[in-house]
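Engineer: Following is a predicted model, sequence given first.
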Amino acid sequence: MELAGRVALVTGAGRRVGRAIALALAAKKMRVAVHYNSSSREADESVRLALAAGATDAWAMSADLRDPVAITKLVEDVAARGGSLDVLVNSAAEMKRTPFDSVTPEEWDDIMSLNMRSPFFCSQAAARHMAKGGAIVNIADLAALETWPEYIPHGISKAGVMQMTRALARKLAPAIRVNAVVPGAVLLPEHWTKEDAEKLIRTTPLARLGAPEDVAHAVVYLLESDYVTGDALVVDGGRHLR
């Protein structure tokens, strides 16, 4: 896909990995809709940075992706503002520590609604507006491939994203391609310590942490690669090889 001038919606683009993805698409001269939930100041900064990076247009739009009605409105508003919708990147998610013995049904539902349900309904809504040649990229997580005892619901939600990617790729072909990026330690949770980071470095074959830009580069590759669909590109410094 030639990206210049195309319209992209990036969910969770106000900060962290979502922002890096939005900026990478901006550098390709795309028109970028920066979705956020409550981080309005950060989203405005993402818009400013996107325009500076080369976006032909960029704007912020708020929606609570736990609400399917809000998802439909968000996608419709992006398509109306952009005149089309060519790319969806499902980046919005949360990584919440949930020890097995204390996780509650409310925590479970909250994680699943944002991490797994919202990408599905964002994709459903976006597909209605995408012409032939559209593309969707889901951001999964290495937790989908490993077992993290303190993050079981999170891992289940991201494993669901992997299966969703394969199923949607089959369903929406040949008009729309669907792929996933599976990040490893590219940006640690804000509450993790220096010791946590050092442990990850020691157990990563490339012996370093990644960066949000590593995920963004993978997203761009998948968008530009017209003969790739249903794939999950692991960006983890080799941790899955352990």
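Structural biologist: That came through, no problem.
Engineer: any idea which helix is longest in this protein?
Structural biologist: helix 152-172 (DSSP state H).
Engineer: How much space separates Leu187 from Gly82?
Structural biologist: 28 Å (CB to CB, to the nearest Å). For glycine as for every other residue, the C-beta is placed from the backbone atoms N, C-alpha and C.
Engineer: The two: which is more packed in?
Structural biologist: Neighbour comparison, Leu187 and Gly82: the larger count goes to Gly82, with 20 against 16 (by other CB atoms under 10 Å).
Engineer: for that one, what are its contacts?
Structural biologist: Gly82 sits next to Val7, Arg31, Ala33, Asp57 when contact means CB atoms under 8 Å, 6 or more residues apart in numbering.
Engineer: and of the residues you listed, the nearest to Thr229?
Structural biologist: Val7 (20.0 Å; CB to CB).
Engineer: Touching, the closest one and Ala80? I think so.
Structural biologist: No: at 10.6 Å, Val7 and Ala80 do not qualify as touching, with contact defined as CB atoms under 8 Å.
Engineer: Give me the more crowded residue out of these two.
Structural biologist: Neighbour totals were compared for Val7 and Ala80, and Val7 leads with 23 against 11 (other CB under 10 Å).
Engineer: what separates the residue positioned nearest the centre of the chain from Thr204, distance-wise?
Structural biologist: A centroid search over the chain (CA atoms, centre = their mean) returns Ser91, at 1.9 Å, as the residue closest to the centre. Computed as CB to CB, the Ser91 to Thr204 distance reads 22 Å.
Engineer: What of Arg239?
Structural biologist: 5 Å.
Engineer: What residues sit buried inside the helix-or-strand element of the chain with minimal mean pLDDT?
Structural biologist: None of the helices or strands of the chain scores lower by mean pLDDT, DSSP states H and E than helix 194-202, at a mean of 87. Buried residues in helix 194-202, counted by 16 or more other CB atoms under 10 Å: Leu200.
Engineer: After that helix, heading C-terminal, what element do we hit next?
Structural biologist: helix 212-224 (DSSP states H and E).
Engineer: Report the mean confidence score over that following helix.
Structural biologist: For helix 212-224, mean pLDDT is 98.
Engineer: Partner strands of the helix or strand following it and their direction?
Structural biologist: Using DSSP H and E, the next helix or strand after helix 212-224 towards the C-terminus is strand 232-235. Partner strands and pairing direction for strand 232-235 (DSSP bridges) are strand 176-183 (parallel).
Engineer: quick one: contacts of the strand it pairs with?
Structural biologist: 17, 123, 127, 130, 132-142, 144-145, 161-162, 165, 168-169, 172, 210, 214-215, 218-219, 222, 226, 228-236.
Engineer: List only buried entries from those.
Structural biologist: The neighbour-count criterion (16+ other CB under 10 Å) marks 17, 123, 127, 130, 134-142, 144-145, 161-162, 165, 168-169, 172, 210, 214-215, 218-219, 222, 229, 232-236 among the contacts of strand 176-183 as buried.
Engineer: So what's the residue count around the residue nearest to Glu150 when sequence neighbours are not counted?
Structural biologist: Nearest non-adjacent residue to Glu150, counting by CB to CB, 6 or more residues apart in numbering: Arg97, 5.3 Å away. Residues near Arg97, counting by other CB under 10 Å, number 12.
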